[in-house]
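K.L.:
only geometry, no sequence info:
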């Protein structure tokens, strides 16, 4: 039989371990490295994959296997270790993958992420830079690199990159928010506030912002005020965000928390109730609603809320 593409095995998503997949893969003649990649990418549960992977790597070291295939297997091994919380081992696998196949984009990205989590920021920047050489148009990668530059103490470089992203795609609010957050992190609070106000001014590039993007910036500006303990201003920004996008649940949750802090418990309970109506399993919001009701001395309603 022919080797089917791994993506064609979507009906296997309900299976949860490599050992269950392995016999079927043999019948279908799916290569082991493809099977491991499939298990990591689609199943999420990687129990049982690590030992077979190490065994295959050892076997392949004694055979004439294409470097690109070994690289993919190392990539799968790194992904397994990341999911098990073992970044040190994952870094070694991702390094091996990029050494064997320098153009394996995802391996550079995963390696950069693992290095960043391990606090090895200059090396993480180098990996993201290499990934961007392979895929220059990836905005998410550029945002990640800018964030790491900021954490590395290279605030000027980070802000310059973020401003370039804003110029290239003014309607995307993410880079605008990151510029303001970067200035705040550097202690330039007035500059950060100017960035938020400029983004919401309705003139120039800001005039092109779609409504959902404006809502996200209002929410971020509300968070800025909340961190500065300017709670009334935070309420104003959160309400404005929700006027523009009622489905921005994060803004509603933030609004409820600030209203509770201000002692406006009835309003807080109402906002929390709207969160739990949309997300019944949101336990913190349900407890927030109940606490606000208790502080309003609406004990029976609080009990009903917790019993739902």
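P.N.:
Sure thing, it's come through. Please read these numbers as outputs of a predicted model, since none were measured by experiment. Numbers count the residues shown, from 1 in each chain.
K.L.:
how about the helices in the stretch 101-250 of the chain?
P.N.:
Counting by DSSP state H, counting those that start in this stretch, the stretch 101-250 of the chain has helices at residues 105-117, 121-134, 139-151, 155-168, 173-185, 189-199, 211-227, 231-244, 249-261.
K.L.:
switch those helices over to JSON lines; also include mean neighbour count.
P.N.:
Backbone N, C-alpha and C define where each C-beta goes, glycine included. Below are the helices of the stretch 101-250 of the chain laid out as JSON lines (neighbours: other CB atoms under 10 Å):
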{"stretch": "helix 105-117", "mean neighbour count": "22"}
{"stretch": "helix 121-134", "mean neighbour count": "19"}
{"stretch": "helix 139-151", "mean neighbour count": "20"}
{"stretch": "helix 155-168", "mean neighbour count": "17"}
{"stretch": "helix 173-185", "mean neighbour count": "22"}
{"stretch": "helix 189-199", "mean neighbour count": "18"}
{"stretch": "helix 211-227", "mean neighbour count": "21"}
{"stretch": "helix 231-244", "mean neighbour count": "19"}
{"stretch": "helix 249-261", "mean neighbour count": "21"}
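K.L.:
tabulate the ones you listed in JSON lines, adding columns for distance to residue 72 and mean pLDDT.
P.N.:
Listed next are the helices of the stretch 101-250 of the chain as JSON lines, based on distance: least, CB to CB, whole Å; pLDDT from 0 to 100:
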{"stretch": "helix 105-117", "distance to residue 72": "9", "mean pLDDT": "95"}
{"stretch": "helix 121-134", "distance to residue 72": "16", "mean pLDDT": "95"}
{"stretch": "helix 139-151", "distance to residue 72": "20", "mean pLDDT": "92"}
{"stretch": "helix 155-168", "distance to residue 72": "31", "mean pLDDT": "91"}
{"stretch": "helix 173-185", "distance to residue 72": "31", "mean pLDDT": "92"}
{"stretch": "helix 189-199", "distance to residue 72": "42", "mean pLDDT": "93"}
{"stretch": "helix 211-227", "distance to residue 72": "37", "mean pLDDT": "95"}
{"stretch": "helix 231-244", "distance to residue 72": "43", "mean pLDDT": "97"}
{"stretch": "helix 249-261", "distance to residue 72": "37", "mean pLDDT": "96"}
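K.L.:
find me the pLDDT at the nearest residue to residue 118 once chain neighbours are set aside, would you?
P.N.:
On the basis of CB to CB, 6 or more residues apart in numbering, the spatially nearest residue to residue 118 that is not a chain neighbour turns out to be residue 87, at 5.3 Å. Here, the pLDDT recorded for residue 87 equals 93.
K.L.:
can you pull the contacts of residue 87?
P.N.:
Residues counted as contacts of residue 87 (CB atoms under 8 Å, 6 or more residues apart in numbering) are 81, 114, 117-118.
K.L.:
go again using 10 Å as the cut-off
P.N.:
Remark: with contacts taken as CB atoms under 10 Å, 6 or more residues apart in numbering, residue 87 is in contact with 78, 81, 94, 113-118, 120.
K.L.:
before we move on, the earlier item: can you add distance to residue 305 and give the helices of the stretch 101-250 of the chain back as a markdown table?
P.N.:
Output for those, formatted as a markdown table (distance: least, CB to CB, whole Å):
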| stretch | distance to residue 305 |
| --- | --- |
| helix 105-117 | 38 |
| helix 121-134 | 44 |
| helix 139-151 | 38 |
| helix 155-168 | 42 |
| helix 173-185 | 33 |
| helix 189-199 | 35 |
| helix 211-227 | 25 |
| helix 231-244 | 21 |
| helix 249-261 | 13 |
